[in-house]
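Visitor: quick one, structure for this:
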Amino acid sequence: MMENRVVVVAALFAVCIVGFEFSFIHGATDASDTSALNMLFTSMHSPGQLTQWTASGGDPCVQNWRGVTCSKSRITQLKLSGLELSGTLGYMLDKLTSLTELDLSSNNLGGDLPYQLPPNLQRLNLANNQFTGAAQYSISNMASLKYLNLGHNQFKGQVAVDFSKLTSLTTLDFSFNSFTLSLPGTFTSLTSLKSLYLQNNQFSGTLNVLAGLPLETL
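Guide: Predicted coordinates:
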């Protein structure tokens, strides 16, 4: 009987060791999330201030990559504000399907916003950078978005975002850019919008689309 117990305990110990080794080898972070951060790191010229980050592989959740917050195996927040980062955002951020907050504000990032942005964001802050082009249409599908700040960039042209699905948005900042033409008619869908910042742009036309919104700050 004692020998049987010893065998069972030894077997369980072996299973635990194998499980630990499997977890260590394969990593705790979702593979798609890791690949997305690898691409972002490369697109930002592999900055040394992002400690633990790598251009290939790694384990963001286990290795405590700077600015990364996880829940179980998924990355839920990415906060890299004010780190003097440069480069672009790459083209794999849409793989971060559990990401609820992306804050890259107050850096030197530039280029056009990619079509591939995290789809389930609640907060997106890209303020005080050097982004150009139009505000990309991919923002249009962020139905959970509550806070959007694109202020103090170099965006220009007509706002290309369709706001029909952004009914949860409470704060929107497009200030200090070079947006032109009129606000899109889908602005009327922003039924939760409390704060709107549009100053220092080149908008034209009327602001009739704002008439029925519950704005407290404009």
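Visitor: lowest-pLDDT helix or strand in this structure?
Guide: Lowest mean confidence among the helices and strands of the chain (mean pLDDT, DSSP states H and E): helix 2-26, at a mean of 42.
Visitor: next SSE after that helix?
Guide: Next helix or strand after helix 2-26 toward the C-terminus (DSSP states H and E): helix 31-43.
Visitor: beyond that following helix, next helix or strand please.
Guide: Helix 31-43 is succeeded, C-terminally, by strand 68-71 (DSSP H and E).
Visitor: helix or strand right after that next one?
Guide: strand 74-79.
Visitor: show me what the most centrally placed residue in the chain is bridged to.
Guide: Centre of the chain computed as the mean C-alpha position; nearest residue by C-alpha atoms, centre = their mean is Leu102, 3.3 Å away. Beta bridges link Leu102 to Leu78, Leu124 when assigned by DSSP bridges.
Visitor: would you confirm that Val68 contacts Val62?
Guide: No - counting by C-beta atoms under 8 Å, Val68 sits too far from Val62 to count as a contact (10.5 Å). Every residue, glycine included, has its C-beta placed from N, CA and C.
Visitor: quick one, which of these two is more surrounded?
Guide: Val68 (22 against 15; other C-beta atoms under 10 Å).
Visitor: what's the closest non-adjacent residue to that one?
Guide: Using C-beta to C-beta, 6 or more residues apart in numbering and skipping residues adjacent in sequence, the residue nearest Val68 is Pro60, 4.8 Å away.
Visitor: how many residues are close by the one you found?
Guide: The tally of other residues near Pro60 (other C-beta under 10 Å) stands at 26.
Visitor: per-residue confidence, it, what does it come out as?
Guide: As predicted, Pro60 sits at a pLDDT of 98.
Visitor: ramachandran angles for it?
Guide: Backbone geometry at Pro60, expressed as degrees, to the nearest 10, gives phi -50, psi -40.
Visitor: what's the distance between it and Leu104?
Guide: To Leu104, Pro60 is 16 Å away according to C-beta to C-beta, to the nearest Å.
Visitor: likewise Gln116?
Guide: Between Gln116 and Leu104 the distance is 15 Å, computed by C-beta to C-beta.
Visitor: isn't Gln52 up against Gln63?
Guide: Yes - applying C-beta under 8 Å as the test, Gln52 and Gln63 come out as touching, 4.9 Å apart.
Visitor: show me the contacts for the residue nearest to Val68.
Guide: 29, 33-34, 37, 52-53, 68, 70, 75 (C-beta atoms under 8 Å, 6 or more residues apart in numbering).
Visitor: disregarding residues adjacent in the polypeptide, which is nearest to Leu89?
Guide: Once flanking residues are discounted, Leu89 sits nearest to Pro114: 5.3 Å by C-beta to C-beta, 6+ apart.
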